[in-house]
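S.K.: sharing a sequence plus its predicted fold:
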Amino acid sequence: MKEQILALLAQHDGYISGQALAQALGVSRQAVWKGVRALKDSGCEIESTPNKGYRLTALPAYLNEIAIRRHLHTAVLGKSLVVLDAVGSTNDYLKRMGADGCENGTVVTTREQVAGKGRLGRSWASKRDENLAFSILLRPQLAPKDATPITPLAGLAICKTLRKTTGLDCKIKWPNDVIIGSKKLVGILTEMSAEFDAVEYIVTGIGVNVDQTEFPEEIAHKATSVLLETGTRFDKNRLLAALLDGLEKAFTRYNLSLPPDALEEYTSLCATIGRTVSFQKGTRTLSGTAVEINADGELRVMLQDGSIRTVNSGEVTVQGIY
């Protein structure tokens, strides 16, 4: 009920009477009054004036569809937008929607994610209204082997957007993190459903530490947040809209590929390049210097004997960065 009242109030610049709201929703004026009171309790600022009715003066700070859409300027990403109160994992939720045929560009976000996941089965969770957790679904006409640039493109877009909106000196840690200094700020997880040689859909989940000030003991030394780094609380609705705008521009500009100009931009922001890295090849642990990212988004590493190895998956340890 309160979401329907909020939607109607947001459509009017001025006042709308309680009677008009009641008629539009098919409920009593008492139900409208209770709904407005619930909206006020949840953070909306609503003026109530006798003989005029109600007027929305400010939306709540927590994630909500109306506020996100007010700041969103995309053509595809977020056209279909789902804002949840709580969910286990936005990726899992959106994969179920993908299997049911949801449209290209669908976005799912949530105020609270209780069973989020990262690469290699790691968990990612945060308190209610503390961080940003969202997933996007794409239905590109690609073979599975040609979909690898999506994660680095997402990392590039997220990094650039956060640099612009927060002023932070963000960098990319290959293949799927955005960092500040030696600490993690953003994690990205891309999952795919494909049949034979065609992608059915791709879901990319993104978690941004926004207002978190405390982390579990095992990651406290290697995680940070926008609030910790800037001392400022940013509007999450505006920030999410900016991130979706940045993602769509990157995907459109580079057509889900990594041409030379995209690689140059990515490399300029990649903290992994030039550092000593270690990685697994079978049962062996190899070390060398990260020298470049190739057009498939893979990391090229020069070993001590001068040979070049290409790393396309698995865990990579970067000297000086967790």
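M.R.: Thanks, I have the structure now.

S.K.: drop to CA atoms for contacts and neighbour counts, all remaining ones
M.R.: Noted.

S.K.: give me the number of residues near residue 65?
M.R.: The local packing of residue 65 (other CA atoms under 10 Å) involves 17 other residues.

S.K.: ditto for residue 67
M.R.: Residue 67, neighbours per other CA under 10 Å, totals 20.

S.K.: give me the below-cutoff pLDDT ranges for the stretch 1-150 of the chain.
M.R.: 117-125 (pLDDT under 70).

S.K.: please enumerate the strands of it.
M.R.: For the stretch 1-150 of the chain, the strands defined by DSSP state E, counting those that start in this stretch cover 45-49, 53-58, 81-84, 107-110, 116-117, 123-124, 132-138.

S.K.: CSV for those strands, including distance to residue 170?
M.R.: Below are the strands of the stretch 1-150 of the chain laid out as CSV (distance: least, CA to CA, whole Å):
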stretch, distance to residue 170
strand 45-49, 35
strand 53-58, 31
strand 81-84, 27
strand 107-110, 23
strand 116-117, 22
strand 123-124, 20
strand 132-138, 17
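
S.K.: pipe those into a markdown table and attach distance to residue 193 and mean neighbour count per row.
M.R.: A markdown table is the format used below for the strands of the stretch 1-150 of the chain (distance: least, CA to CA, whole Å; neighbours: other CA atoms under 10 Å):
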| stretch | distance to residue 193 | mean neighbour count |
| --- | --- | --- |
| strand 45-49 | 43 | 16 |
| strand 53-58 | 41 | 18 |
| strand 81-84 | 21 | 16 |
| strand 107-110 | 17 | 26 |
| strand 116-117 | 17 | 22 |
| strand 123-124 | 21 | 14 |
| strand 132-138 | 11 | 25 |
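
S.K.: among the ones you listed, which is nearest residue 200?
M.R.: strand 132-138 (8.8 Å; CA to CA).

S.K.: tell me the angle of the next helix or strand after that closest one relative to strand 132-138?
M.R.: Going down the chain from strand 132-138, the next helix or strand is helix 150-166, by DSSP states H and E. For helix 150-166 against strand 132-138, the angle by axes from the mean of the first three to the mean of the last three CA atoms, to 10 degrees is 140 degrees.

S.K.: I would like the residues contacting helix 150-166, please.
M.R.: For helix 150-166, the surrounding residues in contact (CA atoms under 8 Å, 6 or more residues apart in numbering) are 168-172, 174-178, 188-190, 204, 226, 230, 239, 242-243, 246-247, 250-251, 256-258, 265-266, 269, 297.

S.K.: which one of the strands of the stretch 1-150 of the chain lies nearest to residue 196?
M.R.: strand 132-138 (17.7 Å).

S.K.: who does that closest one touch, helix- and strand-wise?
M.R.: Packed against strand 132-138 by the contact rule (3 or more CA pairs under 8 Å, 6 or more residues apart in numbering; DSSP states H and E) you find helix 90-99, strand 107-110, strand 198-208.

S.K.: the same query, at a cut-off of 10 Å, please.
M.R.: If you count contacts as 3 or more CA pairs under 10 Å, 6 or more residues apart in numbering; DSSP states H and E, strand 132-138 packs onto strand 81-84, helix 90-99, strand 107-110, strand 183-195, strand 198-208, helix 236-254.

S.K.: most tightly surrounded among those?
M.R.: strand 107-110 (a mean of 26; mean count of other CA atoms under 10 Å).

S.K.: tell me which residues are up against it.
M.R.: 62-65, 76-91, 93-94, 97, 128-129, 131-138, 203-206, 240, 244 (CA atoms under 10 Å, 6 or more residues apart in numbering).

S.K.: okay, that strand in PDB with CA atoms only?
M.R.: Output in PDB follows, covering the C-alpha atoms of strand 107-110 (Å, rounded to 0.1, in the frame of the first residue of the first chain):
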ATOM      1  CA  VAL A 107      18.500  -4.900 -13.000                       C
ATOM      2  CA  VAL A 108      17.900  -6.300  -9.500                       C
ATOM      3  CA  THR A 109      19.100  -4.500  -6.400                       C
ATOM      4  CA  THR A 110      18.300  -4.800  -2.700                       C
END
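
S.K.: cool, thanks, signing off.
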